[in-house]
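> Provided below are the primary sequence and the corresponding predicted coordinates.
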Amino acid sequence: MRSLLGDHLLQRLQQQTEGALYQRVFRCLRDAMIEDVLPPKTRLPASRDLAHELHVSRNTILNAYEQLQAQGYVEAFTGSGTWVSEKLPETYLNVSSNESSIKAQNSYELKNLSKRGMNFFENAAASPNQWGAFVPGVPDVTEFPHAEFSKILLRLNRQPSVNNLIYTNEGGCLELKQALVEYLRVARSVKCDTDQILITEGIHQAVDFISRVLCDVGDHVWVEDPGYWGARNILTMNGLNIHPMAVDHEGIIPDPTAPVPKLIFVTPSHQYPLGSHLSLSRRRQLLDLARVHRSWIIEDDYDSEFRFEGQPFPSLQGLEENTPVIYMGTFSKTIYPALRVGYMVVPKSLVSGLKTISAELYRGGHMLTQQALAEFIQMGHYAAHIRRMRLLYTKRRAFLIELIERYLGSNFVHEYSHEAGLHLVLKLPDHADDVAIGQIALTRGVKVRPLSQYFIQNQNATRGLLLGFACVAEKEMLMAFSVLRQCLKEHAILPEN
Ligand SMILES: Cc1ncc(COP(=O)(O)O)c(C=O)c1O
């Protein structure tokens, strides 16, 4: 027999028409919590039971539960299920002391979001867990020579030059741009002048900026599938039509029959998340297509500093003269994410327009940090830090691979995984429910991301788990891995001894 909650959700589901099924279920459950149908500290039904009541797959419910958990609406506890949080996220959005008026007010505030704001809110997928085994893509931030960097910052702060204290309309600190020209030329074969560099607050801001400034609502953009959901959410928020392109061992497979793109978003050095490297023939094909269509390629070069073996792959931007490429780099992976400093190398024809608009939009700041970074690079500390981290991550990656090969088998290492980056993909069989495994692992303190969630086209989704190894010391890795192995056993991916 159906429960009262089942009845309520079924009624609400009929009123929800937009978005994927799991998002509709997520919205219904979230509204039920906001409206107190599901009060704080209530246990949610088991995913299998609710799936049965709503006539949807268990995966749909697990995805909805995961989104609720990521946004703080519920908490999961090992062995005792998923519970409505004591305080809903809405509670933190305003300062009224009256609890019930807070709820009413906040549900009203959410409804006040624009359509695109609401859509962005509902697709928000950034995990609240950003540290520990096996958070993907996080460098070991404790290893950065903070003392060295703060010495430079302290000196600059003591007697700051006026130029570092006022708005900039030059796209960032000149000395940092000069240091980057040299660094990018040597390390990434990027061809550019100082003028072509714009300092950003990271790749996210750069993608937001470029998609707003170079595209109109309704323009088309090609993206990798699977691909980086963070960039995809920004492109969607800005009204672009996303066209997923499959990925193989040579990187993105462009589909020339897809609508003419204004932007093509790629990760050529280390495809995110699978790890392949864009082959030379695909690079040429992409550049030719972009030139024919008058499109811009966004090259997201987020972690190319970390290639541990074999020859380094140069950037797509520098492959030919005057490529239609907007190159994006970041200090998030080489220094630490909270620094929020990145850079764009833009084609000469865009320099003055983009600089003016960027100054108009953001004004530009953090000049002292930028100046300190410039000195840090010029004094050789940056290159030395990268060299040291390469050695550390090489060891950690080798340790993780050894654990996988010894305890699971070498077929569990994804075949596109090159010796590069800050994460690797643990490949699971097609029948594996990577979302459920990821969720169980999370309740036991092990943070992994399910590979299937990186896909736009569900029918192509392969199963696996992203394992970040860079911020995990070997001892911690060993413990986390044994927890993960137990989860795989419970899901019949491995035999129980
Ligand atoms: C593929 C990819 N690109 C870009 C970023 C974000 O870079 P930033 O911190 O510079 O915004 C990430 C963050 O994890 C990423 O995985």
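Yep, that arrived.
> C-alpha only now, for contacts and for neighbours.
Will do.
> And the contacts of the helix or strand residue 483 falls within?
In this structure, residue 483 is located in helix 474-490 according to DSSP states H and E. With Cα atoms under 8 Å, 6 or more residues apart in numbering as the test, helix 474-490 has contacts from 133-134, 396, 399-400, 403, 437, 440-441, 444, 446, 469, 494-496.
> Now, of those, which are buried?
For these, a burial check counting by 16 or more other Cα atoms under 10 Å picks out 133, 134, 396, 399, 400, 403, 437, 440, 441, 444, 446, 469.
> Tell me which of these fall in helices.
In helices, judged by DSSP state H, the following of these are found: 396, 399, 400, 403, 437, 440, 441.
> Verify the contact between the third one and residue 469 for me.
Yes. The pair residue 400 and residue 469 qualifies as a contact (Cα atoms under 8 Å) at a distance of 7.2 Å.
> Spit out the contact partners of residue 338.
Applying Cα under 8 Å, 6+ apart to residue 338 gives the contacts residue 332.
> and if you look at residue 24?
If you count contacts by Cα under 8 Å, 6+ apart, residue 24 has them with 13, 16, 17, 18.
> Residue 403 now?
If you count contacts by Cα under 8 Å, 6+ apart, residue 403 has them with 478, 481.
> Next, work out how far apart it and residue 420 are.
18 Å (Cα to Cα, to the nearest Å).
> And residue 468, by the same measure?
Relative to residue 420, residue 468 is positioned 12 Å away (criterion: Cα to Cα).
> what bridges to residue 423?
Residue 423 has these beta-bridge partners by DSSP bridges: residue 468.
> Please look at it and residue 137 and confirm they touch.
Yes. Using Cα under 8 Å, residue 423 is in contact with residue 137, at 5.9 Å.
> which neighbours do those two share?
Residues touching both residue 423 and residue 137 (Cα under 8 Å, 6+ apart) are 468, 470.
> Pull up the gap between residue 139 and the ligand, please.
Counting by Cα to the nearest ligand atom, to the nearest Å, the separation of residue 139 from the ligand is 10 Å.
> what's the helix or strand for that residue?
Applying DSSP H and E, one finds residue 139 in no helix or strand.
> And for residue 371?
Element membership of residue 371, judged by DSSP H and E, is helix 367-378.
> what pLDDT, on average, does that helix get?
Averaged across helix 367-378, the pLDDT comes to 98.
> who's in contact with it?
Applying Cα under 8 Å, 6+ apart, the external contacts of helix 367-378 come out as 149, 152-153, 156-157, 160, 164-165, 172-173, 175-177, 179, 341, 382-383.
> Please indicate which of those residues are buried?
For the contacts of helix 367-378, buried by 16+ other Cα under 10 Å: 149, 152-153, 156, 164, 172-173, 175-177, 179, 341, 382-383.
> Spell out which parts of this protein neighbour the ligand.
When proximity is defined as Cα under 6 Å from any ligand atom, the chain approaches the ligand at 137, 202, 203, 204, 228, 272, 300, 302, 330, 332, 337, 342.
> Can you report how many residues lie near the residue lying closest to residue 152 once chain neighbours are set aside?
Among residues not flanking residue 152 along the chain, residue 372 sits closest, at 5.8 Å (Cα to Cα, 6 or more residues apart in numbering). Residue 372: 23 surrounding residues under other Cα atoms under 10 Å.
> can you list the residues that contact the helix or strand harbouring residue 204?
Per DSSP H and E: residue 204 is located in helix 203-214. Contacts to helix 203-214, defined as Cα under 8 Å, 6+ apart, come from residues 200, 230-231, 234-235, 238, 262-263, 300, 302, 328-330, 342-344, 354, 357-358.
> got the contact list for the closest residue to the ligand within the chain?
Across the chain, the shortest distance to the ligand (Cα to the nearest ligand atom) belongs to residue 202, at 3.3 Å. Contact analysis of residue 202 by Cα under 8 Å, 6+ apart lists 329, 330, 331, 332, 340, 341, 342, 343.
> I'd like those written out as JSON lines, with pLDDT and secondary structure added.
Formatted as JSON lines, the contacts of residue 202 follow (pLDDT from 0 to 100; DSSP: H, G, I helix; E, B strand; the rest coil):
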{"residue": "329", "pLDDT": "98", "secondary structure": "strand"}
{"residue": "330", "pLDDT": "98", "secondary structure": "strand"}
{"residue": "331", "pLDDT": "98", "secondary structure": "coil"}
{"residue": "332", "pLDDT": "98", "secondary structure": "coil"}
{"residue": "340", "pLDDT": "97", "secondary structure": "coil"}
{"residue": "341", "pLDDT": "98", "secondary structure": "coil"}
{"residue": "342", "pLDDT": "98", "secondary structure": "strand"}
{"residue": "343", "pLDDT": "98", "secondary structure": "strand"}
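> which phi and psi does residue 264 have?
Per-residue torsions, residue 264: phi -130, psi 120 (degrees, to the nearest 10).
> how many neighbours does residue 428 have?
By other Cα under 10 Å, 21 other residues sit near residue 428.
> Please name the residues that touch it.
Residues near residue 428 by Cα under 8 Å, 6+ apart: 412, 434, 463, 464, 465, 493.
> related to what we said a few turns ago, ok, residue 468 and residue 420, which is more surrounded?
The neighbour comparison of residue 468 against residue 420 (other Cα under 10 Å) goes to residue 468, with 27 against 24.
> Look up how far residue 227 lies from that one.
Taken as Cα to Cα, the span from residue 468 to residue 227 is 16 Å.
> cool, and residue 462?
13 Å.
> In terms of neighbours, single out the busier of those two.
In this view residue 462 and residue 227 are compared by other Cα under 10 Å, and residue 227 has more residues nearby, 26 against 20.
> pLDDT score assigned to the more buried one?
Looking at residue 227, the pLDDT reads 98.
> Please apply the same query to the one 3 residues further on.
As predicted, residue 230 sits at a pLDDT of 96.
> does it belong to a helix or a strand, and which?
Judged by DSSP H and E, residue 230 forms part of helix 229-237.
> now residue 116
In the assignment (DSSP H and E), residue 116 maps to helix 115-123.
> Go ahead and name everything in contact with that helix.
By Cα under 8 Å, 6+ apart, the residues outside helix 115-123 that reach it are 23, 110, 111, 233, 234, 237.
> one more time with 6 Å
The set of residues external to helix 115-123 that reach it, using Cα atoms under 6 Å, 6 or more residues apart in numbering, is residue 237.
> Any buried residues in it, and which?
Neighbour-count burial for helix 115-123, counted by 16+ other Cα under 10 Å, picks out 119, 120, 122.
> ok, the second one to residue 233 distance?
So the one you mean is residue 120. Distance, residue 120 to residue 233, using Cα to Cα: 7 Å.
> Next up, identify which helix or strand residue 184 is on.
In the assignment (DSSP H and E), residue 184 maps to helix 174-188.
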